[in-house]
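Asks: no sequence on this one, just coordinates:
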């Protein structure tokens, strides 16, 4: 990619490709790229997208000589599907051997830039000068360089500006890619959290306060979550956010399991104020993904026909699934995938999200006015209201995130691995489970002790080790119309 050269270029000469490919370290390569995309005199990042539409699949050469041309010259030196591929290519082009020793959680720039690293993926956030926690990147593994220069800031028109921005109309919460979008403070996209204060107000404006790194995985009171084993321990980043106008503290938990390419999200809201509050919505995670066109894969169904995969593009009209039945149910599974257009089993970028929760849930994705995709998941806000007195707290369920740059098969395998090793417990975690027989199709509701013993005796001769007594063992249960809920053995 070439830049418009006016003598003030951030790099020598006119062609950044020659310099990036010739760089002798990742840091130098990314420094040149960052200079290219952030300098006032350089091509803005959105033009990458314009060029991609005009010459799909190519890496484009753009010089001052053809700046006004309708169709830029295309050189198929390298092929990229989207802007993430360009970023990850440059950011990881010259991989240094010592970087294999890198820790999973990296903090830099005076404790304001956070980069989470797994074996094959990276997740990056940045607390800006107004203490807004920005989501910068989730995708193929890169270094720890600050990617905030990729945010294209412009006056969007009718997008409100916080008071800290002063006359800067390019800074708006309604357009920035955020990690924790609040409510009632200028971001009119879907929020992650809604609070009703004692005076009836509902503003929730959380700003960065501090962070802590733990050398183990975090636990969630009363709910399942990924746990450490002797073979592998996770790492945890805890980011503390404070609400601007009250004594409410929000803690964001990020767990990293490096080998499995898994990053987890959860949150805890603490009321440190003098008055009670009503928590009316609190999701497990939200992230704004820049410069991508995604498709959403979800799993719908009904009784005896569960988990039917469906796939639709993410547009400006919201794509949302969920359940308000009290359980996640067989109608929608609490696991979804965002993938690039055309991704298949062995190719394409995919982001998975799986909620470790069996109650009401919601999962949604939607493009905003800048074509950023807001991706969210958590407890469904319908009929949700949690009363918090002073000193009380609320914890969300955990969401397991995983990224694959080589298609859906790898993503599935990563989920199989993490759930088998860090969710499942008990004696049969790795051992072969007993061979069992179930009496349902043999007897339905019509069984007694004699029938069951006869089935057990025949099963034992075949080497079957366990008998499961199905529906009909309780109450007066002779058909579907009686006995349900009478959990007493009918002998």
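Replies: Done, it's in. Since the model is a prediction, treat every value here as computed from it, not as a measurement. Numbers count the residues shown, from 1 in each chain.
Asks: partners of the helix or strand where residue 320 lies, with directions?
Replies: Per DSSP states H and E, residue 320 falls inside strand 319-323. Sheet pairing for strand 319-323, assigned by DSSP bridges, gives strand 361-367 (antiparallel).
Asks: Centre of the chain to the strand it pairs with, how far?
Replies: Here the centre of strand 361-367 is set off from its chain's centre by 11 Å, with C-alpha atoms, centre = their mean, to the nearest Å.
Asks: one step back: list the contacts of the helix or strand that the strand holding residue 320 is followed by.
Replies: Moving toward the C-terminus from strand 319-323, the next helix or strand (DSSP H and E) is strand 335-340. When contacts are taken as C-beta atoms under 8 Å, 6 or more residues apart in numbering, the neighbours of strand 335-340 outside the stretch itself are 81-82, 289, 292-299, 314, 321, 348-355, 363, 365, 373, 375, 377, 408, 411. The C-beta positions use only the backbone N, C-alpha and C, and glycine is treated the same way.
Asks: where does the stretch 1-150 of the chain dip in pLDDT?
Replies: Residues of the stretch 1-150 of the chain that meet the criterion pLDDT under 70 lie in 1-102.
Asks: picking up where we left off before, next, the angle strand 335-340 makes with the strand holding residue 320.
Replies: 170 degrees (axes from the mean of the first three to the mean of the last three C-alpha atoms, to 10 degrees).
Asks: partner strands of the lengthiest strand in the chain, parallel or antiparallel?
Replies: Ranked by residue count and defined by DSSP state E, the top strand of the chain is strand 277-289. Strands flanking strand 277-289 in the sheet, each with its direction: strand 193-196 (antiparallel), strand 373-378 (antiparallel), strand 386-388 (antiparallel) (DSSP bridges).
Asks: Can you give me the buried ones in that strand?
Replies: Residues 277, 279-289 are the ones in strand 277-289 that count as buried (16 or more other C-beta atoms under 10 Å).
Asks: residues near the closest residue to residue 153 other than its chain neighbours, how many?
Replies: Using C-beta to C-beta, 6 or more residues apart in numbering and skipping the chain neighbours, the partner closest in space to residue 153 is residue 170 (4.3 Å). Residues lying near residue 170 (other C-beta atoms under 10 Å) number 13.
Asks: for residue 170, helix, strand, or coil?
Replies: coil (DSSP: H, G, I helix; E, B strand; the rest coil).
Asks: Please report how far it lies from residue 176.
Replies: For residue 170, the distance to residue 176 equals 10 Å [C-beta to C-beta, to the nearest Å].
Asks: same thing with residue 111?
Replies: Using C-beta to C-beta, one obtains 20 Å as the distance from residue 111 to residue 176.
Asks: likewise residue 216?
Replies: To residue 176, residue 216 is 32 Å away according to C-beta to C-beta.
Asks: higher neighbour count, those two?
Replies: Counting neighbours by other C-beta under 10 Å for residue 216 and for residue 176 shows that residue 176 has the greater number, 21 against 12.
Asks: wait, is the more buried one part of a helix?
Replies: No. The secondary structure assignment for residue 176 gives coil rather than a helix, going by three-state DSSP.
Asks: burial of residue 463, as a residue count?
Replies: For residue 463, the neighbour count with other C-beta under 10 Å is 7.
Asks: Isn't it up against residue 435?
Replies: Yes. Residue 463 lies in contact with residue 435 (C-beta atoms under 8 Å); the separation is 6.6 Å.
Asks: what do those two both touch?
Replies: None of the residues lies in contact with both residue 463 and residue 435 under the rule C-beta under 8 Å, 6+ apart.
Asks: so what's residue 383 up against?
Replies: Applying C-beta under 8 Å, 6+ apart, we find residue 383 in contact with 324, 360.
Asks: That one belongs to a strand?
Replies: No. Assessed with three-state DSSP, residue 383 is coil; it does not lie in a strand.
Asks: Could I get the phi/psi values of it?
Replies: phi 60, psi 20 (degrees, to the nearest 10).
Asks: where does it land on pLDDT?
Replies: On pLDDT, residue 383 comes in at 94.
Asks: Same check on residue 237?
Replies: Residue 237 carries a pLDDT score of 98 in this model.
Asks: On the strand side of things, show who it bridges to.
Replies: residue 213, residue 254.
Asks: Pretty sure residue 117 is one of the things it touches, is it not?
Replies: No. Residue 237 lies out of contact with residue 117 (C-beta under 8 Å); the separation is 11.3 Å.
Asks: Please identify every residue contacting each of the two.
Replies: Contacts common to residue 237 and residue 117, judged by C-beta under 8 Å, 6+ apart, are 105, 256.
Asks: Report the contact partners of the residue sitting nearest the centre point of the chain.
Replies: Centroid check for the chain by C-alpha atoms, centre = their mean gives residue 401 as the closest residue, at 4.9 Å. When contacts are counted by C-beta under 8 Å, 6+ apart, residue 401 is found next to 123, 138, 262-265, 285, 351-353.
Asks: Test of understanding: give the bridge partners of it.
Replies: Listed by DSSP bridges, the beta-bridge partners for residue 401 are residue 263, residue 353.
Asks: and what of residue 313?
Replies: Taking DSSP bridges, one obtains residue 295 as the residues bridged to residue 313.
Asks: Could you measure from it over to residue 374?
Replies: Summarising the geometry, the distance separating residue 313 from residue 374, computed by C-beta to C-beta, is 15 Å.
Asks: out of those two, which sits in the more crowded spot?
Replies: Neighbour comparison, residue 313 and residue 374: the larger count goes to residue 374, with 24 against 12 (by other C-beta under 10 Å).
Asks: Tell me the confidence at residue 472?
Replies: The predicted local confidence for residue 472 is 88.
Asks: Quick check: the closest residue to it other than its chain neighbours vs residue 105, distance?
Replies: Closest residue in space to residue 472, ignoring its immediate chain neighbours: residue 445 at 4.3 Å, by C-beta to C-beta, 6+ apart. With distances taken as C-beta to C-beta, residue 445 is found 55 Å from residue 105.
Asks: if we can go back for a sec, now do the same contact list for the residue nearest to residue 153.
Replies: Taking C-beta under 8 Å, 6+ apart as the definition of contact, the neighbours of residue 170 are 153-155.
Asks: Now flag whichever of the residues you listed is closest to residue 225.
Replies: Among these, residue 153 lies closest to residue 225 (C-beta to C-beta), at 36.7 Å.
Asks: ok so, going back, single out the most deeply packed of the strands paired with strand 277-289.
Replies: Each of those was scored by mean neighbour count; the highest is strand 373-378, a mean of 26, by mean count of other C-beta atoms under 10 Å.
Asks: What mean pLDDT does that strand get?
Replies: Regarding strand 373-378, the rounded mean pLDDT is 98.
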